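pasting the structure only:
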């Protein structure tokens, strides 16, 4: 059984026990959160929402907060002496999917 959920403006496929890498959540590790923006539930039968499935929710637990690898942003224009170098590390949260209830 799996569900497609919309969380923080993005869509994720949530299966029980799966670890998902999402944008940074303002919650401490170990915090339980319920997501009620479920777009689709697939099990014995498929339930599709318009836009969300009514009464469905997915419970998640925040596992940890981490940073991604550094990405170098380099802008350059030839023959104009223009160079800009900037680095970026995206922060994200690891969440664990618990129960999926319809």
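Good, I have the coordinates. This structure is a prediction, so every number in the text was calculated from the model and none was measured.

which intervals of this structure have sub-threshold pLDDT?
Applying pLDDT under 70 to the chain flags no residue at all.

what sits against the most centrally placed residue in the chain?
When CA atoms, centre = their mean is applied to the chain, the residue found nearest the centroid is residue 22 (2.8 Å). Residue 22 makes contact with 7, 8, 10, 12, 92, 93, 95 under the criterion CB atoms under 8 Å, 6 or more residues apart in numbering. C-beta coordinates here come from the backbone N, C-alpha and C atoms, glycine included.

quickly list what the third one is bridged to.
Think residue 10. residue 7 (DSSP bridges).

tally of neighbours for it?
Residue 10: 9 surrounding residues under other CB atoms under 10 Å.

shouldn't it be in contact with residue 35?
No: in this structure residue 10 lies outside contact range of residue 35 using CB atoms under 8 Å: 11.9 Å.

neighbours of residue 83, how many?
Residue 83 has 9 nearby residues by other CB under 10 Å.
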